[in-house]
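Chemist: when you get a sec, could you give me coordinates for this:
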Amino acid sequence: MGAYIAKNLRPWFEGIDPSDPGYAGSPTKENILYDTANNGIITQRAFKDQSQDYYNAWYVDHMFHYGYYIYASAVLATIDPNWLAQNKERVNLLARDIANPSLEDKHFPLMRTYDWFRMQNFADAGPDSNGPNTESSSESINANYALALWGAVIGDSSYQ
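Modeler: Numbers count the residues shown, from 1 in each chain. Below you'll find the predicted structure:
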């Protein structure tokens, strides 16, 4: 199971397209980039074309998408300590993007996707005239669980 999860996380973290002949080789680039304008993590494809990766560069659904990667990473990290050592900081970047727990962190906003007044996560980059989009509460719950699991795996109680 660990090899399967690692194989499927590799294109995400290392920017290798599984259909490329070089997929079995070494990584060619990072897929995730730090966005200095909005202090967050976006994908390289979305940086080049904002419609890619479900408008990732507009911070649409980061909580949902990154929650799946964080969860899979937490599971894999319990199986493969070497994978954890190599990828811990990459996963931490995703976690900090959607739920930075620290007021001291100058690189990510505090709890980017959480509305403290409504006590719920929201999906879009910002509210419209009806307020923030809160579709897919199950994916929101999954992201919160993934953060707690990741925190438990790496021994960081700030995510729990």
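
Chemist: which SSE is the nearest residue to Asn8 once chain neighbours are set aside in?
Modeler: Counting by CB to CB, 6 or more residues apart in numbering, the nearest residue to Asn8 once its immediate chain neighbours are dropped is Ala72, at 7.4 Å. Any C-beta I mention is one placed from the backbone N, CA and C, and that applies to glycine too. According to DSSP states H and E, Ala72 maps onto helix 62-79.

Chemist: what's the first helix or strand after that helix?
Modeler: helix 81-99.

Chemist: by contact count, what packs against that next one?
Modeler: Here helix 81-99 touches helix 2-14, strand 32-35, strand 40-43, helix 62-79, helix 137-154, going by 3 or more CB pairs under 8 Å, 6 or more residues apart in numbering; DSSP states H and E.

Chemist: would you turn those into JSON lines with distance to Ala95 and mean neighbour count?
Modeler: Below are the helices and strands packed on helix 81-99 laid out as JSON lines (distance: least, CB to CB, whole Å; neighbours: other CB atoms under 10 Å):
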{"stretch": "helix 2-14", "distance to Ala95": "13", "mean neighbour count": "15"}
{"stretch": "strand 32-35", "distance to Ala95": "12", "mean neighbour count": "17"}
{"stretch": "strand 40-43", "distance to Ala95": "10", "mean neighbour count": "22"}
{"stretch": "helix 62-79", "distance to Ala95": "6", "mean neighbour count": "21"}
{"stretch": "helix 137-154", "distance to Ala95": "6", "mean neighbour count": "18"}
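
Chemist: who touches the lowest-mean-pLDDT helix or strand in the chain?
Modeler: Lowest by mean pLDDT, DSSP states H and E among the helices and strands of the chain is strand 120-121, with a mean of 70. For strand 120-121, contacts defined as CB atoms under 8 Å, 6 or more residues apart in numbering pick out Met63, Thr113, Tyr114, Asp115, Thr134, Ser137, Ser140, Ala143, Asn144.

Chemist: just curious, which of the residues you listed is nearest to Ala85?
Modeler: Ala143 (24.1 Å; CB to CB).

Chemist: what's near enough to touch the closest residue to the closest one other than its chain neighbours?
Modeler: In this structure, Ala143 finds its nearest non-sequential neighbour in Gly67, 2.8 Å apart by CB to CB, 6+ apart. Counting by CB under 8 Å, 6+ apart, Gly67 touches Ile98, Glu139, Ser140, Asn142, Ala143, Asn144, Tyr145, Ala146, Leu147.
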